[in-house]
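K.L.:
need coordinates for the below:
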Amino acid sequence: MRAALRFLAGAVAGLLIVLLLGAAPAQAAGYRYWSFWRWSDGGWVYQQQGPAVHVPADGEVEGWRFAVSPDGGRQAAVPGPAGDFAALCAATPAEAGRKRIAVVLDFGGPADAPAHETPPEPRTACAVVPTRASSAEVLATVAPPLRYDGNGLLCAIAGYPRTGCGEQLGGAARPTGTAAPSTGAGPADATGASAAGASPGGAGPVLGVGASLALVLAVAAGARWQSRRRR
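P.N.:
Coordinates of the predicted model:
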């Protein structure tokens, strides 16, 4: 019986080690893609709707940033240039029956670029489009050519990058730049594609360890009670 108890104690200790090691958070996967933003109250705000769905109002400022981000969605790096509509559209006169939308394009830095590609300098534009034009139509007006994949995910703006589309890069550090709080959304969600990948929540492993620990302690207590009963 003593040998059995020693074996059980060793098994319990080993199981606890395995559970605690398994509870360590995995390094977030990085994705290289274009994220979509709007200028509001003096700062960039993650755009909740995809560019094919959102219809900006006259006077809005939209921003795009190409970068490697660990989780995608709101955790992506924001565009660097500010979104001052009055300055960006100062040289573009208003037209009756049409709207003006300012656009900021940030192609990211060398760390964000695919192999053998050099990111262009950030640029801005002021689009004059029909009042019902979507953000995708605005972008096509000021930054062709655009490239999409078969699922409707925006892969390239103004021809950049030449290849690739929202590819996962494994564990990745966040690129330099300000980032908004994460919601766990994947790159497809950030660019308005039909599918979105969600990241696992952080509370799951902790709950699993707690439940497993309770089970182990219950088994150990039962074994100890049985040994005392048989004496």
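
K.L.:
list the buried residues of stretch 147-164.
P.N.:
Arg147, Leu153, Leu154, Cys155, Ala156, Ile157, Ala158, Tyr160, Pro161 (16 or more other CB atoms under 10 Å). Where you see a C-beta, it was placed from the backbone N, CA and C, and this is true even at glycine.

K.L.:
how about the helices in this protein?
P.N.:
Along the chain, counting by DSSP state H, helices occupy 2-22, 85-88, 135-142, 187-190, 204-230.

K.L.:
hey, least reliable of those by pLDDT?
P.N.:
Ranked by mean pLDDT, the helices of the chain bottom out at helix 187-190, with a mean of 44.

K.L.:
the lengthiest strand in the chain - contacts with which helices or strands?
P.N.:
Ordering each strand of the chain by length in residues (DSSP state E) puts strand 29-40 first. Contact partners of strand 29-40 among helices and strands, from 3 or more CB pairs under 8 Å, 6 or more residues apart in numbering; DSSP states H and E: strand 43-46, strand 61-69, strand 154-156, strand 168-171, helix 187-190.

K.L.:
which of the residues in it are buried?
P.N.:
Ala29, Gly30, Tyr31, Arg32, Tyr33, Trp34, Ser35, Phe36, Trp37, Arg38, Trp39.

K.L.:
ok, stretch 89-108 next?
P.N.:
Quick answer for stretch 89-108 (16+ other CB under 10 Å): Cys89, Lys99, Arg100, Ile101, Ala102, Val103, Val104, Leu105, Asp106, Phe107, Gly108.

K.L.:
need the residues you listed in JSON lines with pLDDT and distance to Ala82, can you?
P.N.:
What follows is the buried residues of stretch 89-108, written out as JSON lines (pLDDT from 0 to 100; distance: CB to CB, whole Å):
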{"residue": "Cys89", "pLDDT": "98", "distance to Ala82": "14"}
{"residue": "Lys99", "pLDDT": "98", "distance to Ala82": "21"}
{"residue": "Arg100", "pLDDT": "98", "distance to Ala82": "17"}
{"residue": "Ile101", "pLDDT": "98", "distance to Ala82": "16"}
{"residue": "Ala102", "pLDDT": "98", "distance to Ala82": "11"}
{"residue": "Val103", "pLDDT": "98", "distance to Ala82": "13"}
{"residue": "Val104", "pLDDT": "98", "distance to Ala82": "8"}
{"residue": "Leu105", "pLDDT": "98", "distance to Ala82": "13"}
{"residue": "Asp106", "pLDDT": "98", "distance to Ala82": "11"}
{"residue": "Phe107", "pLDDT": "98", "distance to Ala82": "17"}
{"residue": "Gly108", "pLDDT": "96", "distance to Ala82": "17"}
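
K.L.:
so which of these are in strands?
P.N.:
Per DSSP E, these map to strands at Lys99, Arg100, Ile101, Ala102, Val103, Val104, Leu105, Asp106.

K.L.:
next one: the second one from Leu169, what distance?
P.N.:
By that I understand Arg100. 37 Å (CB to CB, to the nearest Å).

K.L.:
over to the first one?
P.N.:
Relative to Leu169, Lys99 is positioned 38 Å away (CB to CB).

K.L.:
quick one on the thing from earlier: Gly83: which of the buried residues of stretch 147-164 is nearest?
P.N.:
Gly83 lies nearest to Ile157 out of those, by CB to CB, at 16.4 Å.
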